[in-house]
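Trainee: Provide a 3D model corresponding to the input given below.
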Amino acid sequence: MSLLPESCRRIDEIAARAQATGRVPSLALAIVRDRAVLHFTGAGEQPRPDPKTQYRLGSITKTITATLVMQLRDEGFFALDDLLYRHLPGTPIGGVTLRQLLGHVSGLQREPDGPWWERHPGGDVEKLLAELTYEKLAGAPYRRYRYSNLAYGLLGAVLERVTGMGWTELVGKRVLDPLGMKRTTGSPVEPYARGYVVHALGGALHEEPRPDTGAMAPAGQLWSTVTDMAKWAGFLADPAPAVLARETVDEMCAPVVISDLESWTAGHGLGPQLFRVGERVYVGHGGSMPGYVAHLAVHRRSRMGVVAFANAYGLDGTTIQQVSLDALTAALDSEPEPVAAWRPPAAPRGEAAEICGRWWWMGREYSIVGDGDALLMDGPVHETRFAREAPDRWRGLSGPNEGEILRILRTPEGTVDRLDIATFIFSRDPGHLA
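Mentor: Numbers count the residues shown, from 1 in each chain. Predicted structure coming up:
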């Protein structure tokens, strides 16, 4: 499957203009869907963009660290509302929770102590923890959004403490290997793009160092390719159960905080960033390290995403995020959304068959249809899917009644009389108002 010619032309133009006006040696851009690259484009010669060339991910790494945290939560290693000192005893900032660290609402400052960690070799976890002071708490938790690289260094320390394994080993074993992301690594592996600072006046290139950031690696160490990031975008849209359940990825992508309180165009979940463009919301993350900027975004409902890399520390006149979101929006605006084929429902069985048909609540009509052992309730505005939990008891799986209980109320003779959905009583009688 590929994009329409007009979509490709528009995305090629976005990439070419961004590289030229942004003054970056190399820019790679791809529209992806279902773990595959639909259209790859790029501009620049140093190096010539290729979907299998590594660039540095920067903070896109945080989404993979967050996935590790959620995996271990699901496996019972800890709870997200555990206080940090439970797993890192003695730390002076132990009163924040893992959930707050994931969502950047812990109140922690942005960076650890010492030299700028992105440009210097990092120390180990013990050194990171030893240098923490209470003053790193710049505000109360949940008072406001405060992006913190330090928070993800601490999450990596928790992962190491509870598993006894290093972060790099955990990433490979638990995320990269199951998803087949063989070109995503902790250190660069040829072919990879060298990263540069572009001199503001003459345009001369200064190559940046590529240090191992040590204990801060969970915040931004990884290198990857367009091909591998297509797989990661596919995972965020359509999770692989071997890595994380869909319900857990849904939880990660739900907003924890709105980071742009004026226009509500940006927020943060439990790891992923959220970007609102018009009537769409994308999930993903941006990233930067000295010599590199990167961005990944996914429209989960259509399963379409974008990957963008550049090997300079910023673009003149724009940002890699803006380039990425412009390209994804252009593709979604011009491409027809896939339409799922209709299939006849399976014949309802048991209790499902008993309650199919028309129901009324407060003068409004609702219909219930069966699909095997499941039920779909369609109303004036929304629909809810229910699954049976026990005799005469069903649980809402989606829609406005997600999580609510549907109880079948029967007559003394055992026939279905009414339905109780979260105390709202539905009747077969159109005149019923209770």
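Trainee: residue contacts, Arg33?
Mentor: Counting by C-beta atoms under 8 Å, 6 or more residues apart in numbering, Arg33 touches 1, 234, 302-305. Yep, even glycine has a C-beta here, placed from its N, CA and C like the rest.
Trainee: out of everything not next to it in sequence, what's closest to Ala346?
Mentor: Once flanking residues are discounted, Ala346 sits nearest to Gly372: 3.8 Å by C-beta to C-beta, 6 or more residues apart in numbering.
Trainee: Can you tell me how far the one you found is from Phe426?
Mentor: According to C-beta to C-beta, to the nearest Å, Gly372 and Phe426 sit 22 Å apart.
Trainee: So which residue is dead centre in this structure?
Mentor: Nearest residue to the geometric centre of the chain (C-alpha atoms, centre = their mean): Pro272, 3.8 Å.
Trainee: Hmm, it is touching Ala66, no?
Mentor: Yes - using C-beta atoms under 8 Å, Pro272 is in contact with Ala66, at 7.3 Å.
Trainee: Would you map the strands across the stretch 251-400 of the chain?
Mentor: For the stretch 251-400 of the chain, the strands defined by DSSP state E, counting those that start in this stretch occupy 257-258, 266-268, 273-277, 280-289, 292-299, 304-310, 357-361, 364-371, 374-378, 383-390, 393-398.
Trainee: and what of the stretch 1-150 of the chain?
Mentor: 26-33, 36-44, 55-56.
Trainee: can you put those in CSV and add mean pLDDT?
Mentor: What follows is the strands of the stretch 1-150 of the chain, written out as CSV (pLDDT from 0 to 100):
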stretch, mean pLDDT
strand 26-33, 98
strand 36-44, 97
strand 55-56, 98
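Trainee: how about those strands, which one is nearest Arg183?
Mentor: strand 55-56 (10.9 Å; C-beta to C-beta).
Trainee: Looking at the nearest residue to Met70 once chain neighbours are set aside now. What's its pLDDT?
Mentor: Excluding the flanking residues, the one nearest Met70 by C-beta to C-beta, 6+ apart is Thr248, at 5.1 Å. Model confidence at Thr248, given as pLDDT, is 98.
Trainee: Pull the contacting residues for the nearest residue to Thr213 once chain neighbours are set aside.
Mentor: Computed as C-beta to C-beta, 6+ apart, the closest residue to Thr213 that is not its neighbour in sequence is Gly122, at 4.1 Å. Applying C-beta under 8 Å, 6+ apart, we find Gly122 in contact with 128, 211-217.
Trainee: So if I had to pick from Gly372 and Phe426, which one is more boxed in?
Mentor: Set Gly372 next to Phe426 and count neighbours by other C-beta atoms under 10 Å: Phe426 wins out with 24 against 11.
Trainee: helix, strand or coil for the more buried one?
Mentor: strand (DSSP: H, G, I helix; E, B strand; the rest coil).
Trainee: Report the separation between it and Gly370.
Mentor: Phe426 is 16 Å from Gly370, by C-beta to C-beta.
Trainee: right, so of the strands of the stretch 251-400 of the chain, which gets closest to Leu406?
Mentor: Of all the strands of the stretch 251-400 of the chain, it is strand 393-398 that lies closest to Leu406, at 4.1 Å by C-beta to C-beta.
Trainee: Do a quick rundown of the helices in the stretch 51-200 of the chain.
Mentor: 61-74, 98-103, 125-130, 149-163, 167-171, 177-179 (DSSP state H, counting those that start in this stretch).
Trainee: Next, the angle helix 61-74 makes with the fourth one.
Mentor: Using axes from the mean of the first three to the mean of the last three C-alpha atoms, to 10 degrees, the direction of helix 149-163 lies 40 degrees away from that of helix 61-74.
Trainee: How about helix 149-163, which residues are buried there?
Mentor: Residues 149-160, 163 are the ones in helix 149-163 that count as buried (16 or more other C-beta atoms under 10 Å).
Trainee: for the last one, same thing?
Mentor: Burial within helix 177-179, assessed by neighbour count using 16+ other C-beta under 10 Å, is assigned to Leu179.
Trainee: which residues touch that helix?
Mentor: For helix 177-179, contacts defined as C-beta under 8 Å, 6+ apart pick out 231-232, 235, 240, 242-243.
Trainee: please redo it, this time with the cut-off set to 6 Å
Mentor: Helix 177-179 is contacted by residues 231, 242-243 when judged by C-beta atoms under 6 Å, 6 or more residues apart in numbering.
Trainee: just the longest one next, same as before
Mentor: Around helix 149-163, the neighbours that count as contacts under C-beta under 6 Å, 6+ apart are 62, 65, 68-69, 77, 87-88, 101, 106, 108, 110-112, 125, 128, 167, 170, 215-216, 218-219.
Trainee: Quick one, which of these are buried?
Mentor: Buried residues within the contacts of helix 149-163, defined by neighbour count using 16+ other C-beta under 10 Å: 62, 65, 68-69, 77, 87-88, 101, 106, 108, 111-112, 125, 128, 167, 170, 215-216, 218-219.
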